[in-house]
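**Q** make a model of this:
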Amino acid sequence: MPKDTLTITDNRTGTTYEVPVANGTIKAMDLRQIKAGADDFGLMTYDPAFMNTASCHSAITYIDGDRGILRYRGYPIEQLAEKSSFVETAYLIVHGELPTQPQLKEWSAQIAAHYMVHENIKKFVDGFHYDAHPMGMLVSTVAALSTFYQDSKNIFDAASRQHQAYRLLGKMPTLAAYAYRHSRGLPYVYPDPALSYVGNFISMLGQRAGACEPFIPNPVLERALDLLFILHADHEQNCSTNAMRAVGSSHADPFCAVAAATAALYGPLHGGANEEVLKMLRDIGSTDHIPDYIKRVKSGELRLMGFGHRVYKNYDPRAKIIRAAAHSVLEVTGSSPLLDIALELERIALADDYFIRHKLYPNVDFYSGIIYQAMGFPVAMFPVLFAIARTAGWIAQWQEMLLDKEQKIARPRQVYVGHAERAYVPIEKRSGA
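**A** Alright, predicted model coming up:
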């Protein structure tokens, strides 16, 4: 009879061990029993960047990279993108189930009630240099919220956690809009709780401060941004989520943990990938230059930005959704030469055996930057928009980590490869390196 175990024979000692297998994994601590001698610490695994290591059990997001599947709490991303809103999707991610009508109304109202930030936050933002990066300002102001809401340290109180979720989801767009307006030398626009979540954010970005007439965002652009927020709301154990969980594991408050996650997202390998796509499309310059660019990519001279993904080995399901949205946005904002280049680049690449063989398919970053640029966002704001959406996932992941009895403070092992013990040498006797 087959057993859910793995049999390991240590050829150093000839000893055989039987290790349980559950959900396609073995526990790393079960390897500790494998020792070459009495003084041996026990076997460890070496896995830089967690390429093949699961750090948690999670019920939030499911990804099958080989088949191009993404689901939030079991719901296919395609269905949520078609039928849901970001606020409803955020409720699903945080609470685990789609809300009823009364639940969604209460959830939306509570988030809207926390759009406003303390007036001292405006003074804090004013302290940044005029050319400060909006993402740097967002990291700092989110962390500063920790000093305003000290009840957030009651992390094991369910009511407090819910309150912080309202605050974070409500205030992130406001902080982002303040950073944007500050970078442009414009007066801040206060939030309007009468507008939708995304409509209010657009209002704070573009409305004239003190304007008397009501602001009505373009419905196509509002829906496109809402859609992008849905697609970016969570994505399993990526770099920023790992940062959220790691900092949260020390029992820091959620504002500090979100600041850490936002800082991780600030990196160009994470939140700045769509900027690299735009740069590539500009460098190509014309559809006529695509064949030569493809040739240089295949020779290893250049990289094809926006293609391939650490997880997806098939067409990123988010890219299919966002591709259609790009056309809708450009019908409002006007045509984009970059989209023409992107479409032709995608067509040529997907017909080339080299890219098919290497499983290099378009990912979400391939089209999102085009949409953001068409809507008038400067490149520096791209990761900020990402952070607003991902806050929903960060909150859910943080809460799941806190309530998981198997989790402890994050503390990876290392393989020490430095010097053995050696004696201190007085400075006058050192010969120099």
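**Q** confirm L6 sits in a strand?
**A** Yes. L6: assigned to a strand according to DSSP: H, G, I helix; E, B strand; the rest coil.
**Q** how close does Y178 sit to K123?
**A** 11 Å (Cβ to Cβ, to the nearest Å). Every residue, glycine included, has its C-beta placed from N, CA and C.
**Q** tell me which of those two has more neighbours.
**A** A count of neighbours by other Cβ atoms under 10 Å puts Y178 above the other of Y178 and K123, at 24 against 9.
**Q** so that one lies in a helix, does it not?
**A** Yes. Looking at Y178 with three-state DSSP, it is inside a helix.
**Q** contacting residues for it?
**A** Counting by Cβ atoms under 8 Å, 6 or more residues apart in numbering, Y178 touches V117, I121, K122, V125, M137, T141, Y188, M204.
**Q** what's the closest of those to T16?
**A** The shortest gap between T16 and any of the contacts of Y178 belongs to T141, at 56.8 Å (Cβ to Cβ).
**Q** compute the number of surrounding residues for the closest one.
**A** Residue crowding around T141 was assessed by other Cβ under 10 Å; the count is 25.
**Q** I figured it was touching F124, is that so?
**A** Yes. In this structure, T141 sits in contact with F124. The criterion is Cβ atoms under 8 Å, and the distance is 6.2 Å.
**Q** please enumerate the strands of the stretch 1-150 of the chain.
**A** Listed in chain order, the strands of the stretch 1-150 of the chain (DSSP state E, counting those that start in this stretch) span residues 5-10, 15-20, 61-64, 69-72, 75-76.
**Q** looking at those strands, which is buried most?
**A** The densest packing among these, expressed as mean neighbour count by mean count of other Cβ atoms under 10 Å, is seen in strand 69-72 with a mean of 21.
**Q** just give the nearest non-adjacent residue to H182, would you?
**A** The spatially closest residue to H182, leaving aside those adjacent along the chain, is V125, at 5.3 Å (Cβ to Cβ, 6 or more residues apart in numbering).
**Q** before we move on, what about S328?
**A** Beyond its immediate neighbours in the sequence, the residue positioned closest to S328 (Cβ to Cβ, 6+ apart) is V220, lying 5.7 Å away.
**Q** the one you found sits in which helix or strand?
**A** Using DSSP states H and E, V220 maps to helix 219-231.
**Q** got the buried residues for that helix?
**A** Applying a neighbour-count criterion of 16 or more other Cβ atoms under 10 Å, the buried positions in helix 219-231 are L221, E222, R223, A224, L225, D226, L227, L228, F229, I230, L231.
**Q** would you map the helices across the stretch 1-150 of the chain?
**A** Using DSSP state H, counting those that start in this stretch, the helices of the stretch 1-150 of the chain run over residues 77-83, 86-95, 101-113, 119-126, 134-148.
**Q** circling back to that earlier point, what does the next helix or strand after the helix holding V220 contact?
**A** Elements were assigned by DSSP H and E; along the chain past helix 219-231, the next helix or strand is helix 239-248. With Cβ under 8 Å, 6+ apart as the test, helix 239-248 has contacts from 50, 55-56, 234-235, 237, 254, 256-258, 260-265, 267, 269-271, 390, 393-394, 397-398, 401-402, 410.
**Q** at 6 Å what do you get?
**A** Outside helix 239-248, the residues within contact range by Cβ atoms under 6 Å, 6 or more residues apart in numbering are A257, A260, A261, A264, L265, H270, W394, Q397, W398, M401, A410.
**Q** thinking again about what came up before, in PyMOL, how would I select just the buried ones from the contacts of Y178?
**A** For the buried members of the contacts of Y178, the matching PyMOL selection, counting by 16+ other Cβ under 10 Å, is:
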select buried, resi 117+121+125+137+141+188+204
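**Q** could I get the contacts of Y178 as JSON lines with distance to S108 and pLDDT?
**A** Below are the contacts of Y178 laid out as JSON lines (distance: Cβ to Cβ, whole Å; pLDDT from 0 to 100):
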{"residue": "V117", "distance to S108": "19", "pLDDT": "96"}
{"residue": "I121", "distance to S108": "23", "pLDDT": "96"}
{"residue": "K122", "distance to S108": "25", "pLDDT": "94"}
{"residue": "V125", "distance to S108": "26", "pLDDT": "96"}
{"residue": "M137", "distance to S108": "27", "pLDDT": "97"}
{"residue": "T141", "distance to S108": "24", "pLDDT": "98"}
{"residue": "Y188", "distance to S108": "23", "pLDDT": "94"}
{"residue": "M204", "distance to S108": "17", "pLDDT": "95"}
